[in-house]
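1. Provided below are the primary sequence and the corresponding predicted coordinates.
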Amino acid sequence: MPYYLVTHTSLIEALDEATAASAAMENLRVAEKIPLTVKLDDEHITHIVVSQRPDDRPGLEGDGAVEGTGLSDLGAVAQKTAPPAGYHRLPINAKITVLLVACLSLGLVSGLILSQLSFESGHDACAACKDSSGV
């Protein structure tokens, strides 16, 4: 089973690093939806938005009791979106290469078809060809 690097990025305005980290954790704790980046390697990066159920989030009134954070649910969502065993997605540069080759091939084939059609229509209208064939 592979290891995934799961990260969340927040832009927080704060006086220092500790305050920014605390604010980010509070935002994650009360957020309905949490954007995550799941990275298998440099070429396999997936962006996922995970929703927390309202009962998984602590109340906003601040009663002091911390309920479940839904972290087990987050792991289940990440596992559902992971590719099946033995399945490997093409890296983005391979996808671009395949797309370019397909476009070039389509362009060449359509160019050959158009040139053949224009040659045949131009060849029929050629007066010299009509004279030489005796028609």
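-> Cool, the structure landed.

2. helices and strands of this structure: which one has the lowest mean pLDDT?
-> Every helix and strand of the chain was ranked by mean pLDDT, DSSP states H and E. The lowest is helix 71-81, at a mean of 45.

3. tell me the helix or strand right after that helix.
-> Downstream of helix 71-81, the next assigned helix or strand under DSSP states H and E is helix 92-124.

4. pLDDT on that following helix, on average?
-> For helix 92-124, mean pLDDT is 80.

5. buried ones in it, by neighbour count?
-> Going by neighbour count (16 or more other C-beta atoms under 10 Å), nothing in helix 92-124 comes out as buried. Quick note: C-beta positions are derived from backbone N, CA and C, even for glycine.

6. kindly check the end-to-end length of stretch 6-25 for me.
-> 15 Å (C-alpha to C-alpha, to the nearest Å).

7. correction: stretch 1-14
-> End-to-end distance for stretch 1-14, by C-alpha to C-alpha: 39 Å.

8. in that stretch, what counts as buried?
-> Neighbour-count burial for stretch 1-14 flags residue 4 (criterion: 16+ other C-beta under 10 Å).

9. quick one: name whatever helix or strand follows the helix or strand hosting residue 29.
-> Using DSSP H and E, residue 29 maps to helix 17-30. Using DSSP H and E, the helix or strand that follows helix 17-30 in sequence is strand 33-41.
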